[in-house]
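Trainee: coordinates only, sequence not included:
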């Protein structure tokens with residue numbers, strides 16, 4: 001296995017140019033051209049933003065629907081009561097409930113990728129912060145996961161809605177889809193994300209905002225993208 005990985009890494013290195021700024025379509029093709037693995041890798045993007053995360057008014061957090069989705073089934077859990085609970089089930093949520101769902105989470109049973117909650121259940125959900133927070137699962141109004149329209153939120157999640165926020169270094173990390181997507185699909189997903197990041201630019205951010213964009217795969221190289229030619 002080690003020999004196989006070494007051979008693969010050498011083959012990948014042979015396709016790269018040190019210090020090169022790749023055009024978007026070319027970068028996608030390089031990643032798709034790398035020796036394959038036994039599973040379809042996820043294409044990911046890291047966007048370095050011109051924000052100062054030490055200042056509370058420069059955090060960037062939000063969500064957007066990628067036009068071509070992520071190429072995977074998103075398992076959704078919904079905290080709701082009454083009519084909203086039934087609406088969530090009808091919309092396709094895999095797990096629904098309130099106090100009973102909270103008990104499942106506390107027991108370690110978390111077979112879901114996203115959590116949506118109605119405002120009136122947030123006292124219950126808030127008590128799960130130490131469990132959901134570190135896993136990036138805590139619902140938040142800014143990402144549309146605390147809402148009175150749970151059916152719409154569930155459907156959006158199923159159709160490729162992604163959440164993002166700046167880390168301590170001012171970098172946003174986000175999945176863009178699968179490596180077997182077409183170049184055009186990955187391009188359109190990325191442009192959608194970058195457009196939303198532009199829309200959310202903090203007023204206090206000065207200078208260059210989109211400083212660096214890097215495309216990578218689950219177990220592949222990171223390629224810096226030349227975003228100057230892109231229409232954002």
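Mentor: Alright, I've got the coordinates. Bear in mind that the values here come from a model prediction, so they are computed numbers and not experimental data.
Trainee: list the buried ones in the longest helix anywhere in the chain?
Mentor: Longest helix of the chain, by residue count under DSSP state H: helix 183-199. Residues of helix 183-199 classed as buried: 185-194, 196-197 (neighbour count, 16 or more other Cβ atoms under 10 Å). (Glycine included, C-beta is placed from N, CA and C.)
Trainee: between the following helix or strand past that helix and helix 183-199, how many degrees?
Mentor: Note on helix 183-199: by DSSP states H and E, the next helix or strand toward the C-terminus is strand 210-217. Interaxial angle of strand 210-217 relative to helix 183-199 (axes from the mean of the first three to the mean of the last three Cα atoms, to 10 degrees): 150 degrees.
Trainee: okay, now the sheet partners of strand 210-217, with direction.
Mentor: strand 42-49 (antiparallel), strand 223-225 (antiparallel) (DSSP bridges).
Trainee: so what touches the shortest one?
Mentor: Applying Cβ atoms under 8 Å, 6 or more residues apart in numbering, the set of residues contacting strand 223-225 from outside is 16, 20-24, 27, 30-31, 212-216.
Trainee: 6 Å instead, please
Mentor: 21-22, 24, 27, 213-215 (Cβ atoms under 6 Å, 6 or more residues apart in numbering).
Trainee: shouldn't residue 50 be in contact with residue 209?
Mentor: Yes. With contact defined as Cβ atoms under 6 Å, residue 50 counts as touching residue 209 (4.7 Å).
Trainee: where do the strands sit along this structure?
Mentor: Remark: strands assigned in the chain by DSSP state E are 42-49, 61-65, 76-79, 95-97, 114-117, 161-165, 171-178, 210-217, 223-225.
Trainee: now do the buried residues in stretch 105-116.
Mentor: Buried residues in stretch 105-116, counted by 16+ other Cβ under 10 Å: 105, 110, 112-116.
Trainee: got the contact list for it?
Mentor: Taking Cβ under 6 Å, 6+ apart as the rule, stretch 105-116 contacts 74-78, 95, 128, 131, 137, 139, 145, 150, 153, 157.
Trainee: need these in a markdown table (columns: pLDDT, neighbour count and distance to residue 221).
Mentor: Output for those, formatted as a markdown table (pLDDT from 0 to 100; neighbours: other Cβ atoms under 10 Å; distance: Cβ to Cβ, whole Å):
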| residue | pLDDT | neighbour count | distance to residue 221 |
| --- | --- | --- | --- |
| 74 | 88 | 19 | 27 |
| 75 | 93 | 15 | 30 |
| 76 | 95 | 25 | 32 |
| 77 | 96 | 25 | 35 |
| 78 | 97 | 32 | 38 |
| 95 | 95 | 20 | 37 |
| 128 | 95 | 20 | 38 |
| 131 | 95 | 15 | 35 |
| 137 | 92 | 19 | 29 |
| 139 | 94 | 26 | 35 |
| 145 | 93 | 24 | 33 |
| 150 | 94 | 29 | 40 |
| 153 | 93 | 27 | 35 |
| 157 | 89 | 26 | 30 |
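Trainee: report pLDDT for the closest residue to residue 21 other than its chain neighbours.
Mentor: Leaving aside its chain neighbours, residue 21 sits nearest to residue 226 (4.3 Å; criterion: Cβ to Cβ, 6 or more residues apart in numbering). For residue 226, the pLDDT comes out at 93.
Trainee: thanks a lot, catch you later.
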